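Student: With the input below, show me the fold.
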Amino acid sequence: MTSLSPSLPIEGQAQGLPVNIEHFRRGMRRLTGAVNLVTTMHRDQPHGLTATAVCSLSGQPPRLLACVNVAGKTFDYILQSRRMGVSVLAYRHLDLAKAFANMVDIGREKRFSDAAWAWTDTGAPVLSDALVAFDCVVDELFVTPSHGVIIGEIKQVRFGPEGDPLLYNEGVFTTLRATP
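Tutor: This next block holds a predicted model:
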């Protein structure tokens, strides 16, 4: 067994770099994430955004975690309503993901009129043909300087048609196909 010394790199291993904003961003671009829509209702109007910082938190009770930028209105609306929908996107949803990420300017109303939506038991909108959609109530919320860490207790799961997942890596949307 070889002992590793922190001062001696393994052949072919990348050197560690000091943490700064450039290195942080470069590193995070390599962290591939599933693309999701996080949505809520406020004053009878749907609101949402594209997010990759969504993951499973626990099975008992069923919870997920979503990180949402506090500078956006969707965060405020989730904070007020204490409800959110999380729709896991397939590659077929690429244009919708771009619209909700403000990568194309189609207007907030058109984001919701250009797709089929379902209204969950809590009132949060979810994409009807998402790979899977979760209806959540906000269980806990932590605010950092830039993002709210939202823990949602899942009240309902909706399964849509299968498809290749929409992923985000190195600043571009992509997918992968399962091999048999």
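Student: drop to CA atoms for contacts and neighbour counts, all remaining ones
Tutor: OK.
Student: Low-confidence ranges, the protein, go.
Tutor: The chain contains residues with pLDDT under 70 at 1-14, 178-180.
Student: what ranges do the strands span in it?
Tutor: Assigned by DSSP state E, the strands in the chain fall at 33-34, 36-42, 45-51, 54-59, 62-69, 83-88, 117-119, 125-127, 132-143, 147-159, 167-169, 172-174.
Student: among those strands, which is nearest residue 20?
Tutor: When these are compared by C-alpha to C-alpha, strand 147-159 sits nearest residue 20, at 18.6 Å.
Student: Please name every helix or strand in contact with the closest one.
Tutor: For strand 147-159, the elements it packs on are strand 62-69, strand 132-143, judged by 3 or more C-alpha pairs under 8 Å, 6 or more residues apart in numbering; DSSP states H and E.
Student: Show residues contacting the longest one.
Tutor: Residues outside strand 132-143 that contact it (C-alpha atoms under 8 Å, 6 or more residues apart in numbering) are 70, 82-89, 120-122, 124, 126-127, 148-160.
Student: Now that strand: buried residues?
Tutor: Residues of strand 132-143 classed as buried by neighbour count (16 or more other C-alpha atoms under 10 Å): 132, 133, 134, 135, 136, 137, 138, 141.
Student: Pipe those residues into JSON lines and attach distance to residue 175 per row.
Tutor: What follows is the buried residues of strand 132-143, written out as JSON lines (distance: C-alpha to C-alpha, whole Å):
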{"residue": "132", "distance to residue 175": "16"}
{"residue": "133", "distance to residue 175": "19"}
{"residue": "134", "distance to residue 175": "21"}
{"residue": "135", "distance to residue 175": "25"}
{"residue": "136", "distance to residue 175": "26"}
{"residue": "137", "distance to residue 175": "29"}
{"residue": "138", "distance to residue 175": "30"}
{"residue": "141", "distance to residue 175": "31"}
